[in-house]
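Novice: only geometry, no sequence info:
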């Protein structure tokens, strides 16, 4: 749902099929402007993925999503408390607002030029 919704909003989306795939894309030279990742995933947490991507691309912005509540041990252990968090379920409008607030500051790229994982 998120990939299609973001494409319909005009974003260029690079869909990864898990954290290892995302890291492989980054290592191959793909340079997204925003990492949109679940907090809890099999094999690697969203926090670890974000840290590893930031090692290669320090300027990347991060937006986490989760079906768990903030304050839950699983979310607190796996996520970055400073990064924006979008709780599931969410609407397309809520997704759009969070993506814009996570990725765009004044005088930065317009939404259509932002590449997302």
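Specialist: Structure received. From a predicted model like this one, the values you see are computed outputs, not experimental measurements. Numbers count the residues shown, from 1 in each chain.

Novice: which phi and psi does the closest residue to residue 103 other than its chain neighbours have?
Specialist: Leaving aside its chain neighbours, residue 103 sits nearest to residue 34 (4.4 Å; criterion: CB to CB, 6 or more residues apart in numbering). C-beta coordinates here come from the backbone N, C-alpha and C atoms, glycine included. Dihedral angles phi and psi of residue 34 (degrees, to the nearest 10) take the values phi -140, psi 130.

Novice: beta partners of residue 34?
Specialist: With DSSP bridges applied, the residues forming beta bridges to residue 34 are residue 61, residue 116.

Novice: pretty sure it contacts residue 60?
Specialist: Yes. Counting by CB atoms under 8 Å, residue 34 sits close enough to residue 60 to count as a contact (6.8 Å).

Novice: name the residue in these two with the higher neighbour count.
Specialist: Neighbour tally, residue 34 and residue 60, criterion other CB atoms under 10 Å: the higher count belongs to residue 34, 20 against 17.

Novice: which residues of the protein score low on pLDDT?
Specialist: Low-confidence regions of the chain, defined by pLDDT under 70, span residues 69-82, 104-117.

Novice: which residue ranges form the helices in it?
Specialist: Assigned by DSSP state H, the chain shows helices spanning 2-8, 19-27, 46-56, 73-78, 92-103.

Novice: okay, the ones you listed in CSV with distance to residue 40 next?
Specialist: Listed next are those as CSV, based on distance: least, CB to CB, whole Å:
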stretch, distance to residue 40
helix 2-8, 16
helix 19-27, 11
helix 46-56, 7
helix 73-78, 5
helix 92-103, 18
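
Novice: any chance of CSV for these, columns mean neighbour count?
Specialist: Formatted as CSV, those follow (neighbours: other CB atoms under 10 Å):
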stretch, mean neighbour count
helix 2-8, 15
helix 19-27, 17
helix 46-56, 18
helix 73-78, 15
helix 92-103, 16
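
Novice: wait, which of those helices is closest to residue 86?
Specialist: Go through the helices of the chain one by one with CB to CB and the one that ends up closest to residue 86 is helix 92-103, at 4.6 Å.
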